[in-house]
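Asker: I'd like to go over a predicted model; first the sequence, then the structure.
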Amino acid sequence: MTGGPEPMSADARRAFESELADLRAERETVAATLRDGGGDEPGDRADQADELRRADLLDRLDGRIAEIGDRLREAAVAGPPDTDAVGVGSTVTVRFADGTRSTLQVGEVAEADDAATVTADSPLGRALLGRRAGDTVSYDTPEGPGSAVVESLGGARGAS
């Protein structure tokens, strides 16, 4: 990432907003167990340990909720992805060394079943960031070094 406000693709925004809704619902459930679980009588050590675990979970949920909220606000400030150079949120068509072409979305998050998204922190994603049409990128793969040519930015997602 560049260090400044980073744009976000619509797919990433939807994924973050969905995660945020789930986290808020889970947080409310956990917070309710802490509010409702404390009577005037002290419980045994197992009850106290369980309450500490729930309080720790609440802290972790609050941290992730704040992190996602900050990222969504940052993306709103950054505006839409750049169309001249590859960035987070860009759609880019690349031609790999074996001649195959793929149109990929450079994102922050990838769904498990979405082969058309490459995350910005993956080897290929990092190599693509800041590149323009016509640039050749090199990156590491599990099988060894790989390369691809950036053919274009924009366009529909998919592979050919």
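Answerer: Noted; the coordinates are in hand. Since the model is a prediction, treat every value here as computed from it, not as a measurement.
Asker: show me what contacts the spatially closest residue to Glu26 that is not a sequence neighbour?
Answerer: Nearest residue to Glu26 in three dimensions, chain neighbours excluded: Leu61, at 6.1 Å (C-beta to C-beta, 6 or more residues apart in numbering). Heads up, the C-betas are built off the backbone N, CA and C, glycines and all. Leu61 sits next to 23, 26-27, 30 when contact means C-beta atoms under 8 Å, 6 or more residues apart in numbering.
Asker: for burial, what's the neighbour tally of Pro142?
Answerer: Other residues within reach of Pro142 by the criterion other C-beta atoms under 10 Å amount to 6.
Asker: so how far is Pro123 from it?
Answerer: Distance, Pro142 to Pro123, by C-beta to C-beta, to the nearest Å: 10 Å.
Asker: secondary structure class for Asp50?
Answerer: Following DSSP: H, G, I helix; E, B strand; the rest coil, we place Asp50 in the helix state.
Asker: burial check on it, number of neighbours?
Answerer: Asp50: 14 neighbours (other C-beta under 10 Å).
Asker: please apply the same query to the one 5 residues further on.
Answerer: The tally of other residues near Ala55 (other C-beta under 10 Å) stands at 12.
Asker: excluding covalently adjacent residues, which one is nearest to it?
Answerer: Leu34 (6.5 Å).
Asker: let me see the mean pLDDT of the helix or strand encompassing Arg13.
Answerer: According to DSSP states H and E, Arg13 maps onto helix 10-36. What helix 10-36 shows for mean pLDDT is 88.
Asker: and that helix, how far from the chain's centre?
Answerer: Relative to the chain's own centre, helix 10-36 is displaced by 16 Å; criterion: C-alpha atoms, centre = their mean, to the nearest Å.
Asker: pull out the buried positions in that helix.
Answerer: By neighbour count on 16 or more other C-beta atoms under 10 Å, the buried set for helix 10-36 is 11-13, 15-16, 20, 23, 27, 30-31.
Asker: nearest to Val88, of those residues?
Answerer: Closest to Val88 out of the buried residues of helix 10-36 is Ala12 (7.6 Å), distances taken as C-beta to C-beta.
Asker: and the spatially closest residue to Leu128 that is not a sequence neighbour, what element?
Answerer: In this structure, Leu128 finds its nearest non-sequential neighbour in Val86, 4.5 Å apart by C-beta to C-beta, 6+ apart. Val86 belongs to no helix or strand when assigned by DSSP H and E.
Asker: do you know the pLDDT at Leu58?
Answerer: For Leu58, pLDDT reads 95.
Asker: residues touching it, list them.
Answerer: Leu58 makes contact with 27, 30-31, 34, according to C-beta under 8 Å, 6+ apart.
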